[in-house]
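Asks: could you look at this predicted model? Sequence included:
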Amino acid sequence: MQLLLERIKSRIKYSLSIVFLVDIFFIQFSHAKELISGVHVNQYKVIRDIEWAKPKGYSLTMDIYIPQTGKSNYPVLIIYHGGGWLINNKSIMDSMSIYIAQHSEIIVCNVNYRLLGDNENTTTINEIIEDALGSFLWVKENISVYKGDPSRIAVTGDSAGGQLAAMVILGGDKLGSGGFKGKFPGYNPTFLPEGLIAEDVVRKKILAAQAAVLSYPAIDVYDKCLKGEETQLNFFWNLAKKNPRGFFGDSINVQNNAELYKAVSPIYNIPTLDQRKLPPQLCIVGSKDKANTPVTIQNYVAKLKDAGQPVEYWEYEGKPHAFLDTKPNQYLGTVFYRDAPPAIDRIIEFLNRVFKL
């Protein structure tokens with residue numbers, strides 16, 4: 001009997017090792033669906049680590065993925081990664097970028113932005129939004145070099161990246177050379193086209209995306225900070241190995257400066273249709289997401305609908321937070337090749353309709 005138990009244990013260990021190796025293989029190459037089904041996928045070209053700006057001496061880069069299907073130009077999707085504005089970089093979206101390049105005729109720009117802990121823990125959340133806005137302007141100005149169509153650009157992001165994608169379409173008319181230090185809370189993008197200032201970008205309506213996909217987005221920064229996001233209660237500070245502090249710096253807190261925190265929260269910045277028509281948005285969330293719950297995303301969707309703005313909602317049954325990440329998440333139990341493809345297929349279908357592909 002003892003020998004039999006030892007053999008069973010050995011078999012279990014072997015099986016778990018095989019499962020682990022298979023997971024790593026699929027995550028590394030992001031080809032699980034094709035290997036199983038034999039579905040044809042596009043060849044693609046990737047140009048990595050293109051420096052698009054260097055605010056306060058901090059180098060910001062992006063990777064550009066180009067489908068190799070023979071078209072003279074392609075629409076573009078800009079991706080902002082998640083991580084609570086404190087952890088991760090564009091590599092967490094590598095597998096999503098590859099999948100889209102393989103399964104669509106859309107160029108992907110996978111973007112790095114500053115985190116709160118960068119520049120010796122001095123970066124503010126409005127500066128992070130300025131990075132997101134600046135990257136959009138850089139893509140608009142330069143993407144034709146990579147066969148991208150500057151008149152067809154969409155933005156997407158997950159979690160904190162979803163907040164950034166939302167602020168690109170909601171904050172594009174709230175620019176000012178003075179930034180948040182001006183007469184009103186505004187943004188001075190990290191990158192500006194040569195010869196232009198922030199006010200010119202607004203006047204010329206250059207910051208105009210054609211669509212946004214928000215995956216389990218952080219749509220209420222104000223509420224999160226009221227609940228301790230700027231304190232040790234937020235474990236991302238520990239993961240980032242940074243001391244907790246205010247999102248706008250040590251001298252500003254959420255209790256006394258509600259207007260600043262609401263200014264960076266998508267849910268408080270939705271214009272009515274008669275004020276400005278927004279591009280169509282697709283909001284995605286897992287039914288078991290505890291970080292940005294379905295209820296919070298539904299509230300955002302409801303406010304968009306009340307304002308007359310175009311929006312679609314898709315709830316991914318049985319999924320938690322972070323199901324789009326490249327790396328498997330042991331805490332949440334997510335694995336890219338198993339969990340991400342249905343959601344990305346939904347994203348591609350939405351973008352194909354918007355871009356009329």
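Replies: Nice, thanks for sending it over.
Asks: end-to-end on stretch 264-272?
Replies: Counting by CA to CA, to the nearest Å, you get 18 Å between the two ends of stretch 264-272.
Asks: just how off-centre is it within its chain?
Replies: Remark: stretch 264-272 is offset 17 Å from the chain centroid, using CA atoms, centre = their mean, to the nearest Å.
Asks: which residues sit in contact with Trp237?
Replies: With contacts defined as CB atoms under 8 Å, 6 or more residues apart in numbering, Trp237 is in contact with Leu86, Thr231, Asn243, Pro244. From N, CA and C alone the C-beta is placed, and that goes for glycine too.
Asks: ok, so of those, who is nearest Ala209?
Replies: Distance to Ala209, by CB to CB, is smallest for Leu86 among these, at 25.4 Å.
Asks: so how far is Arg152 from the closest one?
Replies: Going from Leu86 to Arg152 by CB to CB, to the nearest Å gives 32 Å.
Asks: ok, Ile64 next?
Replies: Separation of Ile64 from Arg152 (CB to CB): 15 Å.
Asks: now Ala165
Replies: Distance from Ala165 to Arg152, by CB to CB: 16 Å.
Asks: looking at the two now, which is surrounded by more residues?
Replies: Neighbour comparison, Ala165 and Arg152: the larger count goes to Ala165, with 28 against 22 (by other CB atoms under 10 Å).
Asks: list phi and psi for that one.
Replies: Main-chain torsions, Ala165, degrees, to the nearest 10: phi -60, psi -40.
Asks: again with Lys90
Replies: Dihedral angles phi and psi of Lys90 (degrees, to the nearest 10) take the values phi -60, psi -20.
Asks: and what of Asp200?
Replies: Phi and psi for Asp200, reported as degrees, to the nearest 10, are phi -70, psi -40.
Asks: that one: neighbouring residues, count only.
Replies: Applying other CB under 10 Å, we find 14 residues neighbouring Asp200.
Asks: again with Arg276
Replies: 14.
Asks: Gly162 versus that one, what's the distance?
Replies: Arg276 sits 20 Å away from Gly162, going by CB to CB.
Asks: surely Asp325 meets Val335?
Replies: No. Look at Asp325 against Val335 with CB atoms under 8 Å: they stay out of range, at 9.4 Å.
Asks: between the two, who's got more neighbours?
Replies: Counting neighbours by other CB under 10 Å for Asp325 and for Val335 shows that Asp325 has the greater number, 26 against 20.
Asks: list the contacts for the more buried one?
Replies: Applying CB under 8 Å, 6+ apart to Asp325 gives the contacts Gly82, Ile92, Met93, Asp158, Thr334, Phe336.
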